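Chemist: Based on what follows, work out the 3D shape:
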Amino acid sequence: SSNADTDNGTIGINQHLSFLSVDADATLDRACHILHNQTMDFLPVLLPSDMRVLATITYTCVLEHLVSNFREQRRLFDDTIYDLGIGTYGEDVVVAYSNQTLHEVLHTLHLHGLSAVPVIDESTKKIKGVYSRSDITFLTKASDAEDAVSNLNLTLDVLMSQQRTDVTTPDALHTCSMMHTLQYVFEYFAQWKFNRLICVDENDQV
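Modeler: Take a look at the predicted model:
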């Protein structure tokens, strides 16, 4: 029993100590490997002498570096995102309909492990927007906890009408075509610094 308690305590400490970061002299290549292998969105850069956080590396930082520093005559990323197999297409794309309730959509996000979902019109199948779980409009509009819970029955149509729509919002809708090159996507991400890109066809269908 004593050994078990000790083991559990050690496990807890090790988990706490597994906070991931890189030193200031780490290469960008190493930072990218950690981001990718650990499925992280950001990586702190620490000064080893006193553990100060000097910066945070994100995928946007990496894209900005690639866009601004690669100046070869032969463009490195001229293939289309579809040909490269980047993205999710066809029946695998999870969508929400504008007449669905927030409760239904949050369940869908949880079920599929997604942070956001494209919202489409139920009749035309055209994209109307994107809903992200980071949007807390339904909470900020509530007067108390009971009101917040009741807001789970609001439809996405209602919720999206209350969202910010300016292009600087990270979760705003940005679209591309399956024929866009990876270079175009890199440059677009680096310029606008948004979170996701929805691929649509010529009829604005996801």
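
Chemist: ok, Val130 touching Leu173?
Modeler: Yes. If you go by C-beta atoms under 8 Å, Val130 and Leu173 touch, sitting 4.7 Å apart. Bear in mind the C-beta positions are built from the backbone N, C-alpha and C, glycine included.

Chemist: any shared contact partners between those two?
Modeler: Counting by C-beta atoms under 8 Å, 6 or more residues apart in numbering, the shared contacts of Val130 and Leu173 are Pro118, Ile198.

Chemist: helix/strand/coil for Val53?
Modeler: strand (DSSP: H, G, I helix; E, B strand; the rest coil).

Chemist: which residues does Leu54 contact?
Modeler: Taking C-beta under 8 Å, 6+ apart, we find Leu54 in contact with Ala24, Val45, Leu46, Leu47.

Chemist: what separates it from Phe42, distance-wise?
Modeler: 13 Å (C-beta to C-beta, to the nearest Å).

Chemist: How confident was the prediction at Trp16?
Modeler: Not quite, residue 16 is His, not Trp. pLDDT, His16: 39.

Chemist: make that Thr80, sorry
Modeler: 92.

Chemist: Do I have it right that it meets Gln183?
Modeler: No. Contact criterion C-beta under 8 Å: Thr80 and Gln183 do not qualify, at 10.0 Å.

Chemist: Can I get the contacts of Leu54 in CSV including neighbour count, secondary structure and pLDDT?
Modeler: Formatted as CSV, the contacts of Leu54 follow (neighbours: other C-beta atoms under 10 Å; DSSP: H, G, I helix; E, B strand; the rest coil; pLDDT from 0 to 100):
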residue, neighbour count, secondary structure, pLDDT
Ala24, 12, coil, 87
Val45, 17, strand, 92
Leu46, 17, strand, 90
Leu47, 12, strand, 88
